[in-house]
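> Sequence and predicted model, in that order:
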Amino acid sequence: MDLSSLRPPDPQPPALTAPAPATPALEAAFALVLPALLERQGALLAVKDLASGAYLHVNDAMAQWLGAEPAQVLGRTDADLLEPALVTPLRAAEQTAVAQGQPLTSEHRFERQGNKFDYRVLRLVTPPDAEGRRLLCSIWTDQAAQKAKDAQLRAALEQLEKMQRGAEALRRELQDQTLRDTRTGLYTRAHFDDQLRREVDLSTREHREFALVAVAIDPPSGRVAELGAPAQARIFETLGRLLRGNTRAMDASCRVDETRFAVLLSGVGLATAHARVESLRRECATQIVVLDGEELRFSVSMGVASYPHTAHTQDELREACDAALAEAQRRGGNVVTLAGIKFERAG
C-alpha cells in the first residue's frame, strides 16, 4: 500500500494580491476627514504647484495667516503674499524637501507684523501626475501652545521638586531637633553615646586614635550666683554655641546633664586635643555673657582622654575622662587636665 497517497497536500502560500486602487468614495472620505482633522488641531494646510510656487489650495487657517480669503490666495505665490525676508527661508526649505525626495519636517521661527511665530512644517512632494505636474503639500503646526504647555509642566515639576526638597529639609530638621538639647543645641546623651560607639568601632578597625573631652561649668560666683537660674541658662546657651563653633563636622558634642558636657574629637590624638580644648577654655574664660544689661563671666574645667592610648575600651575611656575632669576641678577649676597614659609591661 502506498502510504504517500494518505499524506495531506502541502499547504500553499496565500496568493499575493495588489492593493486595490483608490476609489472615488475613498478619495472623498480622505477629502472630508483630513481637513476636519487639521482644523481640530489648528494646523495650516497648503498645496502648491511645485514648478510655479502658486497656491492651489489652502484651508481657512492658512488663508487667515496669509491675510486673505481662500479664494484670493489661489494662484498667487509667497512673493505676492509675504514679506521678502520670510519668502527666502521658506523657499529654501521647500527646495530641501524636493531634494530629499521624501517627507521633510523643519522648524520656522520668525516675527511677522509684530507677532512671533514658531511653526513645525511637514512638507512632501507628490509624484508627477499624467500631465507631469508635481504638487508641494505642507502642513503647519503651531508649536507656541505646545511649548507653553511644556514650560508650564517644567515649572510645575520644578515647583514639586522644590516642595519635596523643602519637605525633606524639614524632616531632617525635625529629626535633628529630636536629637538635640533645646537649650544648648548640642546632641542629647543617647545620640552622643551612639556616635561614641561608632567611633570606637571605627578606630579599632582602622587603628587610629580619637579624643574624648569631659567639660563642666565651674561653680557660679558673684552676680552669676546671685542671679541664679536665668544666668545659668544664659551661660549654658553660650557654652553650647562655643562648643558647636569649635568642633568640626566629624566631631560631636553633647550635654550630659545639668552642668556637664562632653566632646568627641574624631581622629585627634591627645596632644592635639589638649591644644584645641585649651584654646576653648581660654575663650570661655574671656567670653562676656549679657543678661538684662549685665555682663557675666564663667569658666569651665576639662578632662581629656584618648583612645587607645589612655584607655582600651569605651568604659575605660569614660572613666579616664571623668577622672581627668575630677582632677581639674580639684585644682580649683578653669583648667584642662590630661588623663594618664597606660604603659603595658612586656611579658
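Yes, it's here. Numbers count the residues shown, from 1 in each chain.
> So if we follow the domain assignment, how does the protein break up?
Following automatic domain parsing, one finds the domains of the chain at 34-142, 150-178, 183-338.
> same question for the first one, mean pLDDT?
The reference is to domain 34-142. Averaging pLDDT along domain 34-142 yields 86.
> Please apply the same query to the longest one.
Per-residue pLDDT over domain 183-338 has a mean of 90.
> Quick check: end-to-end length of that domain?
One end of domain 183-338 sits 29 Å from the other (Cα to Cα, to the nearest Å).
> before we move on, back to that, possible to save the domains of the chain as TSV with mean neighbour count?
For the C-beta atoms, the positions are set from N, CA and C on the backbone; glycine is no exception. Shown next, in TSV, are the domains of the chain (neighbours: other Cβ atoms under 10 Å):
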stretch	mean neighbour count
domain 34-142	15
domain 150-178	10
domain 183-338	17
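> List the contacts of V304.
211-214, 270, 273-274, 277, 321, 324, 336-339 (Cβ atoms under 8 Å, 6 or more residues apart in numbering).
> which SS class is it?
Under DSSP: H, G, I helix; E, B strand; the rest coil, V304 falls in the strand class.
> How about R133?
What three-state DSSP gives for R133 is coil.
> Can you tell me the closest non-neighbouring residue to it?
Closest residue to R133 apart from its sequence neighbours, by Cβ to Cβ, 6 or more residues apart in numbering: D49 at 6.7 Å.
> what does A61 give?
In space, A61 is closest to L44, 4.9 Å off (Cβ to Cβ, 6+ apart).
> Likewise for R331?
T337 is the one closest to R331 (Cβ to Cβ, 6+ apart), at 7.2 Å.
> by contact count, what packs against the strand or helix carrying the one you found?
Under the criterion of DSSP states H and E, T337 resides in strand 336-338. Secondary-structure packing of strand 336-338 (3 or more Cβ pairs under 8 Å, 6 or more residues apart in numbering; DSSP states H and E): helix 270-286, strand 300-307, helix 314-330.
> Which residues does the last one contact?
Contacts made with helix 314-330 from outside it, assessed by Cβ under 8 Å, 6+ apart, are listed as 196-197, 200, 212-216, 218, 260, 262, 301-305, 307, 310-311, 335-340.
> So what's the gap between whichever strand or helix holds S253 and the chain middle?
According to DSSP H and E, S253 maps onto strand 252-255. Distance, stretch centre to chain centre, for strand 252-255: 31 Å (Cα atoms, centre = their mean, to the nearest Å).
> just checking, what packs against that strand?
helix 189-206, helix 229-245, strand 260-265.
> Just grab the bridge partners of the residue nearest to R133 for me.
Bridge pairing for D49 (DSSP bridges) gives the partners L135.
> got a list of what the closest residue to E283 other than its chain neighbours touches?
Leaving out its chain neighbours, the residue that sits closest to E283 by Cβ to Cβ, 6+ apart is L242, at 6.2 Å. Contact analysis of L242 by Cβ under 8 Å, 6+ apart lists L280, E283, C284, Q287.
> same question, R197
By Cβ under 8 Å, 6+ apart, the neighbours of R197 are Q314.
> One more: C137?
L45, A46, V47, K48, R123, L124, V125, T126.
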